[in-house]
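In: 3D, please:
(2 chains)
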Number of protein chains: 2
Amino acid sequence: MGRAPRPRTPLQAAALRLLRDEGPLSRAALVDALGAGRARVAAELDELVAAALVEDGGVAVSRGGRPSPLVALRGDLRFVGVDLGATSLAVAVGDSRLDLLDVVEEDCDPREGPEPVLDRIVDLVDEVTDGRGTAALGVGVPGPVSFLEGVPVSPPLLPGWNRYPVRDELARRYRCPVTVDNDVNIMAAGERWGGVAKGMDTFLLVKVGTGIGAAPVIGGSVFRGVAGSAGDIGHIRVADGPPCACGGDGCLETVFGGAALARDALRLARTGESPALAARLASSAVLTARDVGVAAAEGDPAAMALVRTGGRELGKVLAELVNFMNPSMLVLAGGVARLGHPLLAEIRQTVYRLSTPLATSSLPIVLSELDDRAGVLGALVSASDELFAVPAS
Amino acid sequence: MGRAPRPRTPLQAAALRLLRDEGPLSRAALVDALGAGRARVAAELDELVAAALVEDGGVAVSRGGRPSPLVALRGDLRFVGVDLGATSLAVAVGDSRLDLLDVVEEDCDPREGPEPVLDRIVDLVDEVTDGRGTAALGVGVPGPVSFLEGVPVSPPLLPGWNRYPVRDELARRYRCPVTVDNDVNIMAAGERWGGVAKGMDTFLLVKVGTGIGAAPVIGGSVFRGVAGSAGDIGHIRVADGPPCACGGDGCLETVFGGAALARDALRLARTGESPALAARLASSAVLTARDVGVAAAEGDPAAMALVRTGGRELGKVLAELVNFMNPSMLVLAGGVARLGHPLLAEIRQTVYRLSTPLATSSLPIVLSELDDRAGVLGALVSASDELFAVPAS
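Out: Model prediction:
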């Protein structure tokens, strides 16, 4: 396949983003929205048609009754989003409006190293696109990322991935723009595109999965900080407690999060403090955060205490961040966030109690709506943002 | 005096900011920088000359040897900055380049209420401007502010000031644009204009005065959050400790900061645990944070322990914020920040130990360079930003 076409001018980039965000528009509406002359817009659109990014698409009847030809992104334009988690891999293909056409997901252990995992990514991308390639590809990985270089940077959960050229490898293979970002950042982009934070400019998304991370959205974009590590809250020290994969100890992740819950569940099952967890361990040989959630929902006191204590520790950190950032919404996402009402109640109570009234007076604390799909959707958003970026002059 | 003139078009606003930031420019340089046609720039500049915002100022010789007339902001353009603290009031006047021409400062207790304090502000403004008024005026107040409405919002240190129309009162009197902002935000603007963070786009300023507050600068502007309370870190709960003016207890401000240090100093003096503080109390009847600093510098163990313990608690909170925000610099400002090396050492050590390597690998932790002047300078910046803002279309 040939190299994917890109917009050549800022006006072309703006037109493409408009068509992605609004859907098919009449040429008259595009002229109005772009604030440029009719002849220039027509010429730029012709270039986009020739580049196979845009197509003429029927006719709209304007208010004056005059028919105005519609313009749309090409119906065969495809974006691919990849969401690599600590234990899973999801790959989705979306159309020009970023509607999901297909998603495949499988268990994955990224600790096997970048080469075998990239092979699986390529297999799944080829599967969802029927080998036809993609206009742009977005990837989320569980750990710190240098967004500008497209490489993971010392990711604790991804030994062997430090500075591996994920972006360049995939860009070479698919000959299209590729973005690599932190998995929490792409979840935030997904929730902003089509979830509970739709269209919101200033909010905080916190993912509680195997680890814990946050993505502050400011001015409509994920704020990455100067080294790309903004939102890295999993290694805030909250206890004198257990050693952490990061080299420190007492990190928030060692007290709460999927890995910490699984560890604590095993202890409670083995000591018999939690009959419910002991029974689940006997029947399945392993325990995960999900087992803690089920046991808590069944009313097991030790499991409920685990959820409440963890929720309170997380809530204390979130209360500080709410004071500091003053967001308009706090979105909780990730597997552990699905532990249900007791966790959400504990976090809400702690944040509302400890944050200042000004910061919480109109602060919804809500669960992700998109759940497993936030990551791949956000990766599609990131991919299309990159393809439709204003070209460097 | 008549109403102060303002730019009428986005191009005029851009030209004014350029002349403020760069100083006098040739018409040719302005045409280049503004990216507009020569004739249009000439016409817009004529309007600015007529509005008494801009003046012709000599001749520059261009590289081709052709003389090009220089344009400058009017030499008689004046901005006023007001920095109201918990115990002091400073008012400065600056010229068109925001160079300070005069600063007056006096003790002030804003708890007397807004009317008498505004009277003092007006007296001092009239003094520094010789009663000639100002093109724009910026005010910083110690507490949460609704920047859009120009009013303090439930400020714990300013009883009686809740929603008092500070901006509108001063705008009516001086018939010019007025901004009201939090005192920490204007310090950050001042350090970015002419201090240690000059020109820096992403940094965190932390003021430790009577209270404790922070100003996150993102993309070159102070980030205010959705309700204007971003950076409000003084009420992060760090202890089971003492009640706070905010209604909570154990807030960072109750553990460290000027008021907390003065309280602890008094205790150490009275119990005799600190001979140095007891001696200072005997000679002056009151103790402040400054006495703690002097006693610590003299080697008094109890005073040094106070500084170190407080620095560690503050450092823990700052470590979390550094992880979350990943700024390129951390600036410490305010009276208590001047406690000297032991405080700075404790904060540095705590932040570097507790934050992630990625967030601290190139993070200078430095003291404010402007000190007392950061606030009034930032208020001048805020005032001129407002006057030179792009007019609403």
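In: May I have the phi/psi pair for the nearest residue to A:G257 once chain neighbours are set aside?
Out: Among residues not flanking A:G257 along the chain, A:I212 sits closest, at 4.8 Å (CB to CB, 6 or more residues apart in numbering or on different chains). To be clear about C-beta, it is placed using only N, CA and C from the backbone, and glycine gets the same treatment. Here is the backbone geometry of A:I212 (degrees, to the nearest 10): phi -130, psi 130.
In: Next: the one 3 residues further on.
Out: Backbone torsions of A:A215, given as degrees, to the nearest 10, read phi -130, psi 110.
In: just to revisit the earlier point, how about the contacts made by the residue nearest to A:G257?
Out: With contacts defined as CB atoms under 8 Å, 6 or more residues apart in numbering or on different chains, A:I212 is in contact with A:206, A:233-234, A:252-253, A:256-257, A:314.
In: which ones are touching A:L11?
Out: Under the criterion of CB under 8 Å, 6+ apart, the contact partners of A:L11 comprise A:34, A:36, A:40-41, A:44.
In: Out of those, which is nearest to chain B?
Out: Out of the contacts of A:L11, the one with the shortest distance to chain B is A:A36. That distance is 15.4 Å, counting by CB to the nearest CB.
In: ok, for that closest one, nearest residue in space, not its chain neighbours?
Out: Once flanking residues are discounted, A:A36 sits nearest to A:L11: 5.9 Å by CB to CB, 6+ apart.
In: Please report how far the one you found lies from A:L70.
Out: The span separating A:L11 from A:L70 equals 19 Å under the rule CB to CB, to the nearest Å.
In: nearest spatial neighbour of A:G199, skipping sequence neighbours?
Out: Of all residues beyond its chain neighbours, the one nearest A:G199 is A:R192 (7.1 Å), with distances taken as CB to CB, 6+ apart.
In: okay, now that neighbour: neighbour count?
Out: Number of residues near A:R192 (other CB atoms under 10 Å in any protein chain shown) recorded here: 26.
In: The helix or strand containing it - contacts with which helices or strands?
Out: Following DSSP states H and E, the helix or strand that holds A:R192 is helix A:183-194. Secondary-structure packing of helix A:183-194 (3 or more CB pairs under 8 Å, 6 or more residues apart in numbering or on different chains; DSSP states H and E): strand A:79-84, strand A:136-141, strand A:203-208, strand A:212-218, strand A:221-222, strand A:330-333, helix A:373-387.
In: Make JSON lines out of these and add mean pLDDT.
Out: Written out in JSON lines, the entries for the helices and strands packed on helix A:183-194 read as follows (pLDDT from 0 to 100):
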{"stretch": "strand A:79-84", "mean pLDDT": "97"}
{"stretch": "strand A:136-141", "mean pLDDT": "97"}
{"stretch": "strand A:203-208", "mean pLDDT": "96"}
{"stretch": "strand A:212-218", "mean pLDDT": "96"}
{"stretch": "strand A:221-222", "mean pLDDT": "94"}
{"stretch": "strand A:330-333", "mean pLDDT": "95"}
{"stretch": "helix A:373-387", "mean pLDDT": "96"}
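In: Out of these, which is closest to A:P7?
Out: With CB to CB, the closest approach to A:P7 among these belongs to helix A:373-387: 8.0 Å.
In: Only alpha carbons, please: show that closest one as CSV.
Out: As requested, the backbone C-alpha atoms of helix A:373-387 are provided in CSV (Å, rounded to 0.1, in the frame of the first residue of the first chain):
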residue,chain,number,x,y,z
ARG,A,373,-13.8,0.9,24.9
ALA,A,374,-12.5,4.2,26.2
GLY,A,375,-8.9,3.2,25.4
VAL,A,376,-9.4,2.1,21.8
LEU,A,377,-11.7,5.0,21.1
GLY,A,378,-9.2,7.5,22.4
ALA,A,379,-6.5,5.9,20.3
LEU,A,380,-8.7,6.5,17.3
VAL,A,381,-9.1,10.1,18.3
SER,A,382,-5.3,10.4,18.8
ALA,A,383,-4.7,8.8,15.4
SER,A,384,-7.2,11.1,13.6
ASP,A,385,-5.8,14.2,15.4
GLU,A,386,-2.4,13.3,14.1
LEU,A,387,-3.5,12.8,10.5
